[in-house]
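compute the structure for the input listed below.
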Amino acid sequence: MKRLLLPVAALSILTLAGCANTAPYSGDVYRGSQAQTGQSVTYGTIVAIRPVQIQAESRAGGLLGSGGGAIIGGLLGNQVGGGSGRQLATVAGALGGAVAGTAAEDATNRINALEMEIRRDDGTNVVVVQKADHQYQAGQRVRMIGNGASMSVAPY
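Below is the predicted model:
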């Protein structure tokens, strides 16, 4: 029973590794610092749109994926061979598990998004990337809220 406890705990850690907060990438979510502040609004028409992905930041800085993967890989490697061969297998399993855990966490933290090129009514173009939580299409009129590093697109 004790042999099962550690792999189950490690799998639980890896499961939590994929829990990135993806809400800030939506056009429908505001940060607390944006509440009760004036934001500029401009209008425009989408001229091009393409699906992209946003790599969300892990809340634990990638430590859960690599650490959990190293634990699981080390446990699996420890089951192989004996003596110094077992030690080498444990180290190799831990290293391979860390790499696999990091890759798994990165894949879990990707968000489907849209890159929208918008021609503003003043004739300038702007590109905004945000979570794909609304249906947009070329030719659609939209509102752009905010400016610079804090701009979102909303249906008009």
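
strands of this structure, residue ranges please.
41-55, 110-120, 125-131, 141-147, 150-155 (DSSP state E).

which strands and helices sit next to the fourth one?
Strand 141-147 is packed against strand 41-55, strand 110-120, strand 150-155, with contacts defined by 3 or more Cβ pairs under 8 Å, 6 or more residues apart in numbering; DSSP states H and E. Using the backbone N, CA and C atoms, a C-beta is placed for each residue, glycine as well.

Serialize those to CSV and add fields for distance to A89 and mean neighbour count.
Listed next are the helices and strands packed on strand 141-147 as CSV, based on distance: least, Cβ to Cβ, whole Å; neighbours: other Cβ atoms under 10 Å:
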stretch, distance to A89, mean neighbour count
strand 41-55, 32, 14
strand 110-120, 32, 17
strand 150-155, 50, 16
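
ok, back up a step: can you redo the strands of the chain as a markdown table with mean pLDDT and distance to G97?
Below are the strands of the chain laid out as a markdown table (pLDDT from 0 to 100; distance: least, Cβ to Cβ, whole Å):
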| stretch | mean pLDDT | distance to G97 |
| --- | --- | --- |
| strand 41-55 | 93 | 21 |
| strand 110-120 | 92 | 21 |
| strand 125-131 | 93 | 31 |
| strand 141-147 | 92 | 42 |
| strand 150-155 | 90 | 39 |
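
reformat those strands into TSV and put distance to G82 next to each item.
Shown next, in TSV, are the strands of the chain (distance: least, Cβ to Cβ, whole Å):
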stretch	distance to G82
strand 41-55	42
strand 110-120	41
strand 125-131	51
strand 141-147	62
strand 150-155	59
